[in-house]
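>>> the following comprises the amino acid sequence and a computationally predicted model.
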Amino acid sequence: MRVLITGAAGAIGKPVCEFLAQRGHEVRRFDRSPSGDGAVIADIADTKAVFDACASVDAILHLAATPDDAPFLELIPPNVIGVFNVLDAARRHGVGRVVLASSVQVSWSPGPDQKRSAAHATPRNHYALTKLWSEHMAEMYSRVYKMSIVAARIGWMVRTMTEALAMRTRSMMRNYVSRRDISHFMACAIETPNLEFDVFYAIGPGGAHCYDLDSPRRAIGYEPQDHFPSGLPFALPEEDG
């Protein structure tokens, strides 16, 4: 399968590109930063560049975005215009499957006990609002243009030791997803046939009591493996005491 991955130089994009290539997919990379031989170097808000990059691919994994909260006007080009560019280019080129990176921030809350389905939406910042909007736009494109789209509410894929310590200190391990698990999710999301529109949580198994992981298991075969801190690319120090 020929797969375009936007945000290919990012923390999620890099392991996903490697994983899909190992599974035999032909990966086309797109990012503002260099991300490998033959990669497209352009901004996701550049409509023509996105349209050209989407030509002759079977699937798109749209990961490019500002990945956390920021001033609203800074979020608009990557998180709003970028989503439109990808979905409309996919429509015009007849791309068979689009997977959009949404975020668990669309639905997380301070309390750990409430189990959330894909219908649950309680954004607490402008970043989460842009991700919720991207889900709604994807649903519209799927319904109106008969496109196959999966929106992935991605958990906290810890990037640094500082983030890992913050996750542990704040007892937010239920939101954790490892590099291996997110790569597996993305493979399942592009390889499973006969999907229309779905919103799934891309979370590790430690979040099963808070998030609906049964739906992606049944629909696309997603079986997360790594409880925090398993899967981190560094060793986490022991807790004091």
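Nice, I can see it.
>>> report the distance from stretch 94-103 to the chain centre.
Computed by CA atoms, centre = their mean, to the nearest Å, the chain-centroid distance of stretch 94-103 equals 9 Å.
>>> got the phi and psi for the residue nearest in space to the middle of the chain?
For the chain, the residue sitting closest to the mean C-alpha position, by CA atoms, centre = their mean, is Ala101 at 2.9 Å. Backbone dihedrals for Ala101, given as degrees, to the nearest 10, come out at phi -80, psi 110.
>>> bridged to it, which residues?
On DSSP bridges, the residues paired with Ala101 through beta bridges are Ala152.
>>> near the closest residue to Arg116 other than its chain neighbours, how many other residues are there?
For Arg116, ignoring the flanking residues on the chain, the nearest one in space by CB to CB, 6 or more residues apart in numbering is Ser107 at 4.8 Å. In short, each C-beta sits where N, CA and C put it, glycine included. Ser107 sits with 26 neighbouring residues when counted by other CB atoms under 10 Å.
>>> so what pLDDT did Ser107 get?
At Ser107, the model reports a pLDDT of 93.
>>> same question for Asp113.
Note for Asp113: predicted pLDDT of 65.
>>> now Lys14
On the pLDDT scale, Lys14 is placed at 96.
>>> how many neighbours does Leu73 have?
8.
>>> equivalent analysis for Val80, please.
The local packing count at Val80 equals 18, with neighbours defined by other CB under 10 Å.
>>> my read: it touches Trp133, true?
Yes: under the contact definition of CB atoms under 8 Å, Val80 touches Trp133, with a separation of 6.8 Å.
>>> let me see the contact set for Gly7.
When contacts are counted by CB atoms under 8 Å, 6 or more residues apart in numbering, Gly7 is found next to Gly13, Phe30, Asp31, Ile44, His62, Leu63, Ala64, Ala65, Ala101.
>>> tally of neighbours for Met140?
Met140 - counted by other CB under 10 Å - has 14 other residues nearby.
>>> what does the one 10 residues further on give?
Neighbours of Val150 under the rule other CB under 10 Å: 28.
>>> just Pro67 next, same as before
Neighbours of Pro67 (other CB under 10 Å): 19.
>>> report the mean confidence score over the longest helix along the chain.
Among the elements of the chain assigned as helix by DSSP state H, the one spanning the most residues is helix 126-145. In this model, helix 126-145 has a mean pLDDT of 98.
>>> contact partners of it?
Contacts with helix 126-145, where a contact means CB under 8 Å, 6+ apart, come from 65-66, 68-72, 75, 79-80, 83-84, 87-88, 90-91, 98, 100-103, 105-106, 121, 123, 147-149, 151, 153, 196-197, 199.
>>> in space, what's closest to Pro34 - neighbours in sequence excluded?
Leaving aside its sequence neighbours, Pro34 sits nearest to Ile41 (CB to CB, 6+ apart; 6.2 Å).
>>> my guess is the one you found contacts Ala53. True?
No: here Ile41 does not reach Ala53: they are 10.4 Å apart, not a contact under CB under 8 Å.
>>> those two: which is more packed in?
Ranked by neighbour count (other CB under 10 Å), Ile41 and Ala53 place Ala53 first, with 24 against 13.
>>> for the residue nearest to Arg116, which residues are in contact?
Ser107 is in contact with Arg116, His120, Ala121, Thr122, Arg153, Tyr211, counting by CB under 8 Å, 6+ apart.
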